[in-house]
Structures are given as C-alpha cells and as structure tokens.
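> Pasting the sequence and the predicted model now:
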Amino acid sequence: MIRAHILVCAGAGCISCGGHALKDVLATELKKRGLDEEIKIVETGCMGPCDLGPVMLVHPEGTFYQRVTALEVPRLVEEHFIKGRLYTKLLPKDDVTANVVTTQRDFSFFAKQEKIVLENCGLIDSENIEEYIARDGYAALGKVLTSMKPEQVIAEIKASGLRGRGGAGFPTGVKWELMAKAPVTPKYVICNADEGDPGAFMNRAVLEGDPHRVLEGMAIGAYAMGANRGFIYIRAEYPLAIKRLNIAIAQAYKHGLLGKNLFDTGYDFDIEIRIGAGAFVCGEETALMRSIEGRRGQPMPRPPFPAQRGLWGKPTNINNVETWATIKPIILKGAKWYASFGTEKSKGTKVFALAGKIRNTGLAEVPYGTTLREIIFGIGGGIPKDKKFKAVQTGGPSGGVIPAQHLDERVDYESLQKLGSIMGSGGMVVMDEDSCMVDVARFFMDFCCDESCGKCPPCRVGTRQMLNLLDRICTGEAELADIEKLESLATVVRDASLCGLGQTAPNPVLTTLRYFRDEYLAHVVEKRCPARVCRELLEFRINEETCVGCSLCARACPVHTIFKRDGQKKYYIVEDACIQCGACFDACRFDSVLKTSDGMNARSVAPAALETSSTRATKPVMEK
Amino acid sequence: MIAPKKITLTIDGRRCEGQEGQTILQIAQASGISIPTLCYLKHLSPWGGCRMCIVEIVGSPKVVPACSTPAVDGKQVVTNSESLQKLRRSTLELLFSERNHICPFCVMNKGDCELQQQGYRHGIDAISIPYLYPAWPVDVSGKYLALDHNRCILCTRCVRTCEEMEGTHTLDISHRGAKNRVVVDLGATFGTSDTCTNCGACVAACPTGALFDKAAAFRGKLNTCQTVRTTCTECPVGCGLLVYTKENRIVEVFGDFDSPVSQGHLCVRGRYETWAEPRQRILQPLLRRHEKLEPATWNEALEAVRQAAKKAKPAQKAVLVSPRLNNETIATLKKFERIGMFVARDEAALCAEGDRSPDSMAKLHDADAIIVLGAQPSRAQGVVAAKIRTTVRLRKAKLLIFHTRKSDLDQYATICANVVSLERKFWGRVAEELKDAKRPVLVYGPEAMTPIGVAVLERLIKIFEGKASGPAPALIALPTGSNSLTLAAGGIEPVEEVGPWLDAKPLKFLHIIASDEPDGGARLLDEKYVRPLLEEIDCVVVQAAYQSRLTDLAKVVLPATIWCEKQGTITNFEGRELPLQAVLPPRGEARQDLEILNAVLK
Amino acid sequence: MSDKPKVKVATVWLGGCSGCHMSFLDLDERLVELVKLVDITASPITDVKEIPNVDMGIVEGAVCNEEQEHVLRTLRARCKVLVALGDCAITGNIPALRNQFKLEDVVARGFVETESTQVGDIPGPPPVPKLLNKVRPIQEFVKVDAHIPGCPPDADTIWYVLTELLAGRMPKWTEKNLSYD
C-alpha cells in the first residue's frame, strides 16, 4: 500500500544542482526508516521553477519543497513523513503574495499557469511509457487512426487555431493541408528540436519530461499528411533529452505504437533521431533539412517551401517540439476546447522560459493574451533585490526588447511584432536597471554574428559590421554618425538577408534604438554608460569616508593599482593605471568602492568628429 | 509528356511570358530585363545567396531572390525600385568591406571581375562602412590553379561547379559567418588535394580574382582578348574550347558552353596541358647532315623526303600516323600503299569494331545505370568521368565497374570488380542491380576487347537479354585515340604493335606523322625492337610538333601544327563531326599535316 | 576675367604614391582653364605647407600615421567641401596591404630585415610620426563630401568631378565613368 508519492524533479536544471543525488539520499533515508514500502519516489520531468532546484513535490497533499539538499533529507523525512507536519524550512516563499507556500496550488508561480503542453511535465516518469499511457497517452493516436480520416484531423487542427510554436506562428493546420495536398511521395515529417536561443529551454523540458507526447503528435501529423517516416532533429547539447527520447522511441516500438501496422490499421510510421552539431542556423527549417541530408547546414530560399520540395526533394513538414506536443490534447479534447484559450488570432497556451533578472527563473505556460506584467511579476515574482524593471527581451537573439511602458501589453504574435519584437520560441530575458541596453544589443549581436552561417553577405558581413559599431559605442570610440550607420545597416540586414536569422538579427538593435536611444546617445556624446556596465566608460574611486581599510580591494586588484594612503588606513585607486575591471567593486563589503560613469574623464570629444555623417551629401556647399 | 503551362508575369510593368517551373530570373532574362546577379550561373543549381537578384513581388512583404523563386502566374514583379537599389548597393558595400578587394593589382581587374562590374553598375564611388582588412592566406600550391581568399565573395559558384560539373566535391565552405572560407578537401590545399582533378571549372566559374589560373594570370584582360571556338583533340570526346588570345598568344582556355558535347566542361588535358605545360616545339624543318639534325628550309627538307621516297618501291614505303589526325587527311593518306595508325594496347579491335551511340553524353546524363567495362575515363576521358560522377552522385544512377584499373570512380560504384569474378553468385548480384534499369548505358574501353573483357561483355549482354522488360543498354565505345574511330572507319589500319608491323615487309621509307602528340610520338620507341627496326630503314621522316626521342632518330623532321593552329574536322566518339578552328597562325615554319602530306606526295 | 571670387583650394598628399597629383597635372591645358576658377593654396604642387581656410580640400592617400591624421583633420576643419582623390584615400588601397600583417612585423621587415641592411634600427617619433595600427581611408576619420575613385583617377574623371563641384552639383557615377584602377 502506497500512501504517498514523492516526485523528484529530474529536469536538467535540478539534476545540475543535485537532483539525482537527492533521489538516492531520499531512497536510502526512506529505507532506513522503513518507509520504502509505503512511499514511492518518482523521477519526473521539469516542474518549472528551475531557480529553486532541486525541487520535489509530495502527493497526495501537493506540498512543494524547494532547494532540497542531501543534508536536509533526514530532517525532511522525519518532519514530513514521520511526524506528519510540514518542514517549513524548505517551503518556498511566494514573492507575489509574500506568504509561505504550503501546497503547489497556492504558489502563484503554479497557480497562474494553464498547463496543456506541460500537463505531464513534473508529474510522470518520462522514462516509463506506462505512466504516459495512464495519462491518456496514445489515446489520441488511436482515436485518429481508428476513427478519423486524414482530412478530419487536419480540419480539427485548423479549427483549433494552433499556430507554429517555432517562432513565425504560421497556422499549423494550413501547413499540414499544404503538405497533404502535395502529390509527390514519399513524404517526411520532422520535429525541430534544435532549440538554440540563449535562455530558451521549453523544448528541452518537454522532451525530457514528456517525450511520448511529441512522438504521438508526430504520428498523428504524419498520418494526417500521408507521411510514413519522421525525423527528430535535436541538438547534441541536450544529451538527457536525447537519452529519454531514445528510451521513449524504443518503448513505443515495443508497444506497437511506432513501426508497422499501428493499431491494426495498416498504417506504418517510423521515427529516427538526427543529432545536430551545434549550429544555431540549423533551427531554420531549410538548413535543418540540409543538415539531415548530411550536407552543410545552410538555409535555402523559400519558395519552394518544404511542403513542395523538402528533405531529399520530397514534401516535408517541419514543426517545433511544442507544436507537436500540443496535438494530443487538441485531438482528445477538441478544437473548440483548445480555441477557448488565448486571443482572437493566437489560440491556446504558450510556454515561456523566464530568465535573467527575475526571481522565479523557469518555465511558465500561460494562455496567449496574458500580459507581460502578469508573466513577469505574477508568475515570475518580479525583479530580485527590488531593483527596477527596465525591459524584457522576448524571442531570443532574434527578438527585441520591450520596455516598461509596454508591460501591460497582452502577449500574442501580433502584439509583440507591433512592438518590434517577436514571439520566437518563447524565451523571456528580463533586465533591470543595472542592464545597459547597448551592451544587451551587443551581446545578442555577438551571438548572431557568431552563428551566422555566412551564406548571404547582409547577414555574414552586416552582423559583423554592426557588432564592430556596437563595440565602438560601448568603448566610447563612436561618433554620432555611427548610430546612423548602425540604424541603416540594421535595416539592410533585416530586409536583404536570406533567412530568418539574418532578417531578425537586427531586432535587438532596432528595438533598443527605438526605446532606449538616450542610452546610445549617452555612450556616444557624453561617453558614459548610464547603467554602469560598459567597462571602458567606467571610473572606480574609493570613498575614503567609508573605507575601513580592510585591504580586500587592494588584494583583488589584478593590476595592483590600489594603495594605502601614507599614514592612514584608507585606500585609493591610481586612476591612470586602473583597467576598470570592477574586481575592487565586487570585493568591497562596505560599499566604499564607487563605480561611476560620468563621462568626465573619458576621452574628450573632437567637435569635428561629431559632424561626420554617414548620409551622403547631395550638394557641395561652398558659398561664402 | 505534358507541355508545361504557359504563365504570364508583369515585370517592371512589362508583360513577360514564360513557362511554369521557370524562375523569375529566367523569364526576366528571356524578356531582356537585366537583373544583377553574382552567385547565379545558368548551368548551376540556384543558390540565392548573394542577394543581388532580389526583387519585390507586389503583395508580398519580403524581397525574394529572382534566381531561385519560381514564377507564379499573374504576379507583378518589381526589379529596380529605389529600395531594391539601396539594398543591393548596401550588400555590395558589405562585400567590398569584407575582404581585401583591392582592384589595382588583381588578376581580374579592368572588367573581368563581376564584383567590380556590379560596383560600377551601382555607382559605388566609395563605401560608407569601415573596411575590415582581414588577413587571408593565398593557396598557390596547385599545379595550375590558385586560390586567393582575400578576393573571395563566398558566392559558392566554385563549390557548386565542383559538385555539379566535375562531381568530385573537392571544394566546399568551412566555418561559420565571417570566418567562412572555401576549403579544398576539408582543409587541404590544391597542391595536396587527393580529389581535385585540376579540371579548372572552378576557376572558370569564379566571378572575382579569388580562383585564378597561374598560367593565365596577368597575361591579359579577358575582355580585351579575341575569342575563338574550337574542339579539343586530346581524346575522342571532342569537348568545345573557348580560347582567349592576345597578340598571337593564348591567354586562357575555357570550356565552350555552347558545345553540344561538353556544355562548357573540360578536363585537365584540354583545359591546361595543351598550353600551360612547357613543351619543346619544333619550329623549322630539320635535316640530318653529317650525322646531325640541322635546320633546313622547307624546300630542302621536302626535296630530301621526295628523293628518299623515289628510291623506294611503293611496297617499301609506308606511312604511320597518330590517331589525332583530322578527317581531311584520310583521302590523302590512302595514296600510300601501306598505312598504319599507331594505337594503344588492346585498342585495335576497339577502333575497328567500336559502337558509336549518337548523343552518348546526353545518354550518360540521363542514365539510371552506368556500366563501365575496361575503360578508364578518369585517366583518359576526364569529361566522361565527370559526367559519370555527376550522374551517379546527383541523379542517383547506379554504377557498375568491371575489369578496369582502380580509379576514383570506384568509390561511387555499387559493384566494383576490378578483378573479374566468374562466380554465379556474383553475376546474380549484377543481374539484381540491373533489374530495374530503364536507361542503362554501357561504356567500354580497350580492355573490353581482351578475352576476359569479352567474356564479361557477353555475360552483361546475356543479363540484359534475359530481362523480361526494359531496354538494351546504349553501347558506347571509348577509345583513347582522339580520332581513331573515324580514321579506322576510313580504312586506316589500327596498329597496336608497331614492331611486327614494320617487320612484316621490310621498308626503305617510313613517314611517321605524330602531329601534335604531346610526346612527339616517342611512345613508339617504348615497344621492344622498334628502335632497331627503325634504324634499319633508309629514310625515316617524322612529322611532329614537339621534339622527342623519335624526332632525334629521324632523317628528316617536318614541323607540324598543334591543336590551336589546326583547321579541319574530327568526328568524336558519338559520331558527331566537330570543327577545328585555327586559333593562332602556325608558329615558326610549322605547317598543317595535310599541307605537308600533299607536298611530300607532289 | 570674371569678377566672381575664385574658389580657394588646398590639396594634401597623405599615404599615397603621388600618382593622383600627377594625374591632376595631366589635366594639361585644362589647368589653365582651372586656374581661372580656382586658387590653389597649400598643395604639394605649390609646396605651400600651411593650410589656410579654403573652400575645397582635396586629399590624396590613406591615413597611415598620426601626422597624416592631424593634417586630414586640420584640412577638414578648414575647408567647406572635402574631396577624396584616388583609391588610397577611398579604400586604403596599396598602403592598406600592410593591414594584413602586424605593425611590428612590417616595420621590422622594412627597417631591420631588409637584405641590404646590416644594422637596422626602427625609427620612431620623433622625428618619424607614429604609425597607426591600421592604415585607413579618410572617410573613416572625417566626413568626405565627394570621392574620385581610380588608381589613379584619370585626368578626365578629375576634370569632370571638379567642374561639377565648382558648378554646385554632385558628380554622378555610372558604369561609364567609374574605375577602381
């Protein structure tokens, strides 16, 4: 008789901070106490609040424990399972309500979510197909194969309003229909699991936590579109997801849910895994297909679209992990049910990966139309250390930053585009007042420049030139004309590039220029960095009023340029020798190292330089 | 076949007609609308990378590359709006800024460079972004070609050419983004490449000075050269040549894209060996006086030949010719009582009985199964090898190789039997492979005429005869001699072993016409007993373009013309008569083969 | 002679071979016509070094050292219209070839490792101006109003641009009059 289940998160986040060890220690402890017969431990996929890991959930009561280290386990078992009371030390504190959370339901992080894609994540053992089947797994596939025609499946998906979760938001049903109509055979379906955006990990969570869901979605789609072979293209950086996918595929084959003659209907469907070699651009569908073919992963112009000419020249359908993962509930619960979530044009829910300066880093699934404020403050718990929210970057390096004045915008494909950003795969990187927006733009441009495949010059050279300009701005070498050049280059790269990578690479620059132009001007004209991030524009001084003479700063200084005043206990920095690394600032425990960026000592600005302009003269002016 | 549907586009306000399946660029070009391009080449698959040919389609938010976008009936296309011009200009500026495109000392300067031309076309007097000035290496290790990364614009025309024309895929791009570079064999150099065949097609495809021919560099701007189309006579394929000349010297030799045989492709022999190799030309007649060959006038030389010929009875006179002679010489040659054509081993029977299949190259292109028997196209007929490679690799034909020395083609073969097996099981597998062949082609060379070769040929034919359905294979004989099939058909006896031929009837006069054989005919002497037999003959006349061991032992040496000086026709292995056009006037006192023959016979 | 005041012109010769100035002199008899319209003040041709305030500044050559940067900025500050004459000023051209190497290597090759040198010494400031890390075209330092590409631009092109500028128009560049060599 089992009286309680302990769900231990085995998502990559929790594993990296000791999730596996926690499970082992728990098992030993339960055995020691003779509880191993009545309390069962289950390793699940990601529960969401990765920042709090390792996390665990105790059922039936739904108690959620955070940061459960091995050392705490004996006390926890003693309190919770023997004495039958909450071990309050490990209960999370709700940042929104400021209450100590006793059950998962009370935690704003969970309470405000609507889990459809992630319904099984953090609940079932992803390496056990029976647990998936117990949660209606493969029922949708059975329903489709035994009672629905391919057209009916496509009609259902169309009616659900589901749009591609990979970023562009193309209606999934329409895409399926195009493919179904293609006269050529064989056809292929592909699951795009090459999740490469920095700060995005929702696909990984689904693949690690509920891999069968993706297989089932692919099988349903393949049936609807007339394909018999599918590929999952997954990045090599996701070893755990690959392992669990492999297990899931083997189990599905064993149970006759993949392979020949599924559900005795004569329909065959095979899935193979293809592992990417770490190129961001291979998330672009045409590059991804070339990579599967064994060629260099570079995008090709569309049209022809994959549905016409895809993998090995045959009709191919590519959908994102999250899209495939949404198919099962739509089939089981109906298009109408699914379409009841979300906004008019964006139906259903979306998983967002919250990262950056936010309290609850992790995954959150919410209906479209939820406001940014609700996601960041309601679920994410707001900004740590009570700093001021400055902006949120949505859509990864291809997205844009959205400033505070748009926090109440309802999130869907159209609204984000209107703000100059994109939905992308659903990454949200939150920035606070300490983030320099020029530096943020430079970071993302550095990423795009590095990941540009090099096929087309606007992206290959344009991103490099933009990065150089941003470097100049961040180091205070830039002139006003450089901002014009940057803006003009950004539009060229956006408009002339071949694929989505190049076309969206300038978004961070364009949006920061749009919402935070004053920061650029501060860097260029006043040679200062308002957020005090850009090293070359900083000055460090020691406030001798508050300096206690502890010498921590002097010892931290890598260039040994902090000295003690003669006969005093105070320290000072020799400014000419300072390399602005900030080690002293970080070392000081008394806030006595002052970091400023006044632009005063920065290089003087040549007036003539400011006059230079990238715009071409139309008339020579020589009149006296 | 259903005729493709007619479609109509409006391009820049003009009604343009085309067919379904054509790209916007094809229809625009056919209608005389010029869209700038850089990475596009007509004979290569579209790439859409350079972003020069971007156009706007009314109603569509993004620009699309005209070179790869299929035209859709009824669409309106704009090719030259202000914003397109700005984008193109900016893209060009980015390209100029990327590497070291310093025109004044480039091999392609003054009009040969497409990047420069695009710069002019777009009115770029200066660029508004900083130059990156990277430091890129230059690979000059190749025998004939060199790669200067500083001038590369990464259009991948060379990469696609290497894959789609030569089929070796020696070239590709490595690294990402700004670190992109063209690589040879994944990081080798041209000098150390295992796969590069030196076909030089990449150089011909390069729009800038990145890939260039060492022999042609700085010898003259191509756009100021004269061009002559002629036919390569190095092998029986008969590829079209486009020869660039200036001041009576060859500047560059490219493939002729209008050639019905080779469609612009060449192998190393036609592309380089004929002009980029140092060879010792014979520039005036030589006469043996006092045991030494000394320069003489044509009259002296011809007189000496005629005198010697007079001394011999007709039966004691013979002429031995190279298989390179052109069709026009046949009639004159037949005035001799004994005529022989020296051919390679096992080639006599092939020349006498070889099949000619019209449009062989097209059949190789479309084949779904290619059988190579006893032929070595990779060594001897590079363009046929390239065609086999591309058909097998890109169009997924099956390749079966029998009784042939090892070559690079082996790696693409489904069955490769360099040594022939007679096992039943083996032939069962061959039959299985050929079961579904709908367009089979059998290419056979000299070694197909050996007893083993014949045995294999018979078995193959039996397999095709035993098939319930499907056509018989197209039979293509592939000799090594350039015009040997035609000369043999004209009644000239192919001679494999010159010794016995010479010994059969003692000769007093022998006229050897080596013409422009690269070795000057010296390979005759490689055969046992030929030298002593030649030494016994009173008068050996050697008519050759290049000095050799053979000319050294002649009594009279007559200077012949070389490929680029010849006039006339040859008939290639397909049976196609192809013109030889004199590109240059004969050098020195060299004369056409036929002209010399006539003078000798006068 | 017209009463209209002449346009004052100064020309400078930075990192270049002086070929562009030579090409300027190739205007030949048109020089006579030109001096009716302009006054050439400071210039390698007149050998006047001090740059006065002028209407038009013409620059040949790329910026290779600090002195050249200073001259360029001075000219920019003292002229109304700045014209880049020739490829070195516009692209860096031949002087920029050294950008592919480390500066130390280049000067070592030039002053120490040369085959005829027995005891080499790398000169530095003073008296030789400090070399910039990279040779750069002038538009990367100052605003340039008009460019005359060519290595060197031929006299006809120079004439066309100067007359257009003097007439208050910007030169129009097409396939016909552009040349990068």
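Yep, it's here. Predicted, not measured: the structure shown is a model, and the values here were computed from it.

> CA atoms for contacts and neighbours, from now on please.
Noted.

> The stretch 101-250 of chain A: helices as residue ranges?
A:108-111, A:129-134, A:139-147, A:150-160, A:172-181, A:202-209, A:211-225, A:239-254 (DSSP state H, counting those that start in this stretch).

> and of the ones you listed, who's closest to A:Leu498?
Across these, A:Leu498 has its closest neighbour in helix A:172-181 (21.1 Å, CA to CA).

> quick one: that closest one to helix A:150-160, angle?
Going by axes from the mean of the first three to the mean of the last three CA atoms, to 10 degrees, helix A:172-181 is angled at 160 degrees with respect to helix A:150-160.

> so what does helix A:172-181 touch, helix or strand wise?
Judged by 3 or more CA pairs under 8 Å, 6 or more residues apart in numbering or on different chains; DSSP states H and E, helix A:172-181 is in contact with helix A:150-160, helix A:211-225, strand A:316-320.

> Check which residues of the second one are buried.
When burial is assessed from 16 or more other CA atoms under 10 Å in any protein chain shown, helix A:211-225 yields the following buried residues: A:211-225.

> Just give me how far it sits from the chain centre.
Chain-centre distance of helix A:211-225: 24 Å, with CA atoms, centre = their mean, to the nearest Å.

> got it, and the first one?
Mean C-alpha position of helix A:150-160 versus that of the full chain (CA atoms, centre = their mean) differs by 29 Å.

> For the chain, which residue occupies the most central location?
I'll assume chain A. The C-alpha lying nearest the average C-alpha coordinate of chain A belongs to A:Ala200 (CA atoms, centre = their mean; 1.5 Å).

> meant chain C, my bad for not saying
The centroid of chain C falls nearest to C:Glu60 when counting by CA atoms, centre = their mean (1.1 Å).

> Quick check: the closest residue to chain A within chain C vs C:Cys79, distance?
Chain A sits closest to C:Lys143 of chain C, with a gap of 4.5 Å, by CA to the nearest CA. Counting by CA to CA, to the nearest Å, the separation of C:Lys143 from C:Cys79 is 11 Å.

> What of C:Glu29?
If you go by CA to CA, the gap between C:Glu29 and C:Cys79 works out to 26 Å.

> Comparing those two, which shows the higher neighbour count?
C:Cys79 (21 against 9; other CA atoms under 10 Å in any protein chain shown).

> What's opposite the more buried one in the beta bridge?
C:Val54 (DSSP bridges).

> what residues are up against it?
With contact set as CA atoms under 8 Å, 6 or more residues apart in numbering or on different chains, C:Cys79 has these partners: C:Asn53, C:Val54, C:Asp55, C:Met56, C:Gly57.

> ditto for B:Thr329
For B:Thr329, the contacting residues are B:Asp593, B:Leu594, by CA under 8 Å, 6+ apart.

> A:Ala222 too?
Taking CA under 8 Å, 6+ apart as the test, what A:Ala222 contacts is A:Tyr188, A:Val189, A:Asn228, A:Arg229, A:Gly230, A:Phe269.

> of those, closest to B:His365?
The closest of the contacts of A:Ala222 to B:His365 turns out to be A:Tyr188 (CA to CA; 28.3 Å).

> Against chain C, how distant is that closest one?
Distance, A:Tyr188 to chain C, using CA to the nearest CA, to the nearest Å: 48 Å.

> just to revisit the earlier point, wait, what's in contact with the residue nearest to the centre of chain C?
If you count contacts by CA under 8 Å, 6+ apart, C:Glu60 has them with C:11-16, C:18, C:20-21, C:84-86, C:88-89.

> same deal with B:Ala205?
By CA under 8 Å, 6+ apart, the contact set of B:Ala205 is B:Leu41, B:Arg157, B:Cys158, B:Thr161.

> Shouldn't the last one be within a strand?
No: counting by DSSP: H, G, I helix; E, B strand; the rest coil, B:Thr161 is not part of a strand but helix.

> correct me, but it touches B:Cys202?
Yes: the pair B:Thr161 and B:Cys202 qualifies as a contact (CA atoms under 8 Å) at a distance of 6.0 Å.

> With neighbour numbers in mind, choose between these two.
Neighbour comparison, B:Thr161 and B:Cys202: the larger count goes to B:Thr161, with 26 against 23 (by other CA under 10 Å).

> number of nearby residues for A:Ala236?
16.

> Cool, thanks, signing off.
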